[in-house]
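Asks: okay, predicted coordinates and the sequence, questions at the end:
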Amino acid sequence: MLGFETIYHADEAGWSELQTNTTGVTIGLGEHTEPAPGNCVPVFGVADLDAARHKLEQAKVCFDGETDVVEGMVKTATFYDPDGNGMMLAQDLTGGAEKRVANDR
């Protein structure tokens, strides 16, 4: 309906990623086993999660535990804004982000 293309789907991880009509902008959708209000978590794709996390931690941003790594897939870290809203950093470990950028050139 919106013209988005599914570029990745993993049933076992409950994750899908859609390419929007805007170059370089994707939407990730995660499945929750028990949906509840507040389950929407914006995810910001970064090229170097460790560097981005370090910079945010220096600014006293609160993270929810350690960085999670799914080898060969993704690295993520959840953090909170001053109002307690959850957000996430994600680094693509599949090499897919680099391929998409190269294809967009």
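Replies: Yes, it's here.
Asks: confirm that residue 51 sits in a helix.
Replies: Yes: assessed by DSSP: H, G, I helix; E, B strand; the rest coil, residue 51 belongs to a helix.
Asks: for it, give its distance to residue 4.
Replies: 30 Å (CB to CB, to the nearest Å). Bear in mind the C-beta positions are built from the backbone N, C-alpha and C, glycine included.
Asks: cool, and residue 40?
Replies: For residue 40 relative to residue 4 (CB to CB), the value is 17 Å.
Asks: who's more crowded, these two?
Replies: residue 4 (13 against 8; other CB atoms under 10 Å).
Asks: once you drop chain neighbours, what's closest to the more buried one?
Replies: residue 18 (4.2 Å; CB to CB, 6 or more residues apart in numbering).
Asks: hmm, residue 27 and residue 4 touching each other?
Replies: Yes: contact criterion CB atoms under 8 Å: residue 4 and residue 27 qualify, at 7.0 Å.
Asks: what do the two both touch?
Replies: Shared contacts of residue 4 and residue 27 (CB atoms under 8 Å, 6 or more residues apart in numbering): 18, 20.
Asks: so what would you say the end-to-end distance of stretch 28-43 is?
Replies: 7 Å (CA to CA, to the nearest Å).
Asks: for stretch 59-66, same thing?
Replies: Stretch 59-66 end-to-end distance (CA to CA) = 17 Å.
Asks: what's the following helix or strand after the helix or strand hosting the residue nearest to residue 4?
Replies: Secondary structure from DSSP states H and E places residue 18 in strand 15-19. With elements assigned by DSSP H and E, the helix or strand that comes after strand 15-19 is strand 26-30.
Asks: noted, bye for now.
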